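S.K.: Test case, fold it:
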Amino acid sequence: MTHFGVTVRETRERLRQNDRSYSLRQVAQRVGVEPAYLSKIERGDVAPPSEATTKRLARELGEDPDVLLALGGKVSSDLQEIIRRRPRLFADLLRQLREAPDHAILRVVREVRDGDW
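M.R.: Numbers count the residues shown, from 1 in each chain. Reported below is the predicted structural model:
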C-alpha cells in the first residue's frame, strides 16, 4: 500500500466506525469513482488519482487537499502556477527550508501572512 492509499483507507475506516455511510461503495459513489477503483487506490494497486478526484476525496474525508495531493506525489495546480511565476526563488526558498524546524517555518508563514516585512 502507498502512503496515499493507507491514509485514505485509514481515514475512511475511522469515519465508518461512527457513520456507516463511509463504506467503500458509498464513498466511491459520492466521489464519482467505481468502488473497485477506490479499493485499488487504497491498496496501492494503482497510482493516486487525478488532482480533481484527489480533491473530491479529501473533501469527502475531511482531509486537507494539499496534504492528500502531497501524499500522492502531486502539487495542486494553483501552487504550481505560483511556483512557475518565480521558479528560482521558490526553489531556493524550499531548499533553504528543507532542514528548518517546524516552528521556524511557521514563523515565516506568519510573517508573510501578516505582512511583517
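S.K.: can we go C-alpha only for contacts and neighbour counts from here?
M.R.: Fine.
S.K.: in the chain, which spans are helices?
M.R.: Taking DSSP state H as the criterion, the chain carries its helices at 3-18, 24-31, 35-43, 51-61, 65-71, 77-85, 87-97, 102-114.
S.K.: can you pull the contacts of the most centrally placed residue in the chain?
M.R.: The chain has L68 as the residue nearest its centroid, 1.6 Å off, counting by C-alpha atoms, centre = their mean. By C-alpha atoms under 8 Å, 6 or more residues apart in numbering, the contact list for L68 reads F4, T54, K55, A58.
S.K.: Just put those in a markdown table and tack on pLDDT.
M.R.: Below are the contacts of L68 laid out as a markdown table (pLDDT from 0 to 100):
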| residue | pLDDT |
| --- | --- |
| F4 | 96 |
| T54 | 98 |
| K55 | 98 |
| A58 | 98 |
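S.K.: what inclination does the lowest-mean-pLDDT helix or strand in the chain have with respect to helix 87-97?
M.R.: Lowest by mean pLDDT, DSSP states H and E among the helices and strands of the chain is helix 102-114, with a mean of 92. With axes from the mean of the first three to the mean of the last three C-alpha atoms, to 10 degrees defining the directions, helix 102-114 sits at 140 degrees from helix 87-97.
S.K.: Any buried residues in helix 102-114, and which?
M.R.: Of all the residues in helix 102-114, not one is buried under the rule 16 or more other C-alpha atoms under 10 Å.
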